[in-house]
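J.: Dropping the sequence and predicted coords here.
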Amino acid sequence: MAYINSDPFKQFAELFEVTARHEAVHALLNARIKMTIVQSIVLGIIQGITEFLPISSSGHLILLPRIFNWPDQGLAYDAVIHLATGLSIILALRKDIFKILSGFNLKRLDSEYRKNRKLIGLIVLAMIPAGIAGLMFNNLIEEKLRMVEVVAWSLIVWGAVLYGAEYYNKKLQKKDSLESVSWKQSLGIGVMQVLALIPGTSRSGITITGGLFAGMSRVSAVKFSFLIGLPLILGAGSLKFVEIVRSGELAGNGAVLLVGFISAFVSGVIAIKLLLWVAEKANFNIFVVYRILLGVGLLLFF
């Protein structure tokens, strides 16, 4: 059985256990990264792309190292990559994010600012179910589900569900704006996000699927998916980054981490822009086909 790395909000849940596992974590952080500059660039690009496209980063991060016999990238690399992908969201959706953050201006009482404050609440609400589930079931998932077979079937099954969501969404009356998202839609997407704890599901894929089933437009579903993932990605990356700074790991692996950060950041921005373009101009069926082919390939060859 092959085991894989965790997704951002699963890693975020693990942070609550760091104190209890301090010695093990400290030892892991102080282990030198055994990858080359080229490996760091390639894995950074793959992570940046697959973090945002609905094709599952976990499926790809087990495929490449096994094909090329590369070592596990380690905790420090994961932390830096998460910061890079988080910053990718901030850059790509900066206008939406700044507009939403204006809702914190409590002195403004006009309708636009009230809508922004409401959207902040909706984002928090959508994060709660997955956060609770991650804390409750993270150990079970780590021990029982992190295997190639689970990733492969998740790619196939949830790819088919995404296709069903696309078909269902065509029949619905939709409003193409984040301000039109309701509390019911937000909670439904948050519950769907719990399924992303299953390796191979794809956090962006399942939340976009939830958005489509909830009656959101493709563009709104994509943006909302990224916005509810941003706090989790930055939270996991930031807290782990503090750990690697304290451990002194940056001094010995600065070049490898830097090129990984840059490659993940650039590829992440490109992936977000690409997905938004696809959402506006086409549909997600190309990702459905890709997921199914990748899942079948994993079952056949691994």
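T.: Perfect, thanks for sending it. Numbers count the residues shown, from 1 in each chain.

J.: can you map out the helices along the protein?
T.: 8-14, 22-30, 37-50, 57-68, 74-92, 94-101, 111-144, 148-169, 183-193, 203-213, 218-247, 249-281, 285-301 (DSSP state H).

J.: For the longest one, list every residue counted as buried.
T.: In other words, helix 111-144. Across helix 111-144, burial judged by 16 or more other CB atoms under 10 Å covers 113, 115-119, 122-123, 126-127, 129-131, 133-134, 137-138, 141. Where C-beta positions appear, they are placed from N, C-alpha and C, glycine not excepted.

J.: Any stretches of the protein with poor pLDDT?
T.: For the chain, the stretches flagged by pLDDT under 70 are 1-34, 62, 72-75, 106-111, 138, 142-143, 174-176, 247-252.

J.: Looking at the helices of the chain, which is nearest to Ser177?
T.: Ser177 lies closest, by CB to CB, to one member of the helices of the chain: helix 218-247, at 6.5 Å.

J.: same for that closest one, what does it pack against?
T.: With contacts defined as 3 or more CB pairs under 8 Å, 6 or more residues apart in numbering; DSSP states H and E, the packing partners of helix 218-247 are helix 8-14, helix 22-30, helix 74-92, helix 94-101, helix 111-144, helix 183-193, helix 203-213, helix 249-281.

J.: Against which helices or strands is the third one packed?
T.: Read that as helix 74-92. Other elements packing on helix 74-92 under the criterion 3+ CB pairs under 8 Å, 6+ apart are helix 8-14, helix 22-30, helix 37-50, helix 218-247, helix 249-281.

J.: sorry, back to before: looking at the helices and strands packed on helix 218-247, which one is packed in the most?
T.: When you average the neighbours per residue for each of the helices and strands packed on helix 218-247 (mean count of other CB atoms under 10 Å), helix 203-213 leads with a mean of 27.

J.: Show me the contact partners of that one.
T.: For helix 203-213, the surrounding residues in contact (CB atoms under 8 Å, 6 or more residues apart in numbering) are 7-9, 51-56, 126, 158-159, 161-162, 165-166, 168-169, 185, 188-189, 191-193, 195-196, 218, 220-222, 224-226, 228-229, 275, 284, 287, 291.

J.: export it as PDB, just CAs?
T.: The C-alpha trace of helix 203-213 is given here as PDB (Å, rounded to 0.1, in the frame of the first residue of the first chain):
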ATOM      1  CA  ARG A 203     -10.800  20.100  -2.100                       C
ATOM      2  CA  SER A 204     -11.400  22.500  -5.000                       C
ATOM      3  CA  GLY A 205     -13.200  19.800  -7.000                       C
ATOM      4  CA  ILE A 206     -15.700  18.800  -4.300                       C
ATOM      5  CA  THR A 207     -16.500  22.400  -3.200                       C
ATOM      6  CA  ILE A 208     -17.000  23.500  -6.900                       C
ATOM      7  CA  THR A 209     -19.300  20.400  -7.200                       C
ATOM      8  CA  GLY A 210     -21.200  21.500  -4.100                       C
ATOM      9  CA  GLY A 211     -21.500  25.000  -5.500                       C
ATOM     10  CA  LEU A 212     -22.900  23.700  -8.800                       C
ATOM     11  CA  PHE A 213     -25.500  21.500  -7.000                       C
END
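
J.: Relative to the whole chain's centre, how far out is that helix?
T.: Distance of helix 203-213 from its chain centroid, counting by CA atoms, centre = their mean, to the nearest Å, is 12 Å.

J.: just stretch 183-203 next, same as before
T.: Centre-to-centre, stretch 183-203 and its host chain are 11 Å apart (CA atoms, centre = their mean).

J.: Having no further points to raise, I will conclude here.
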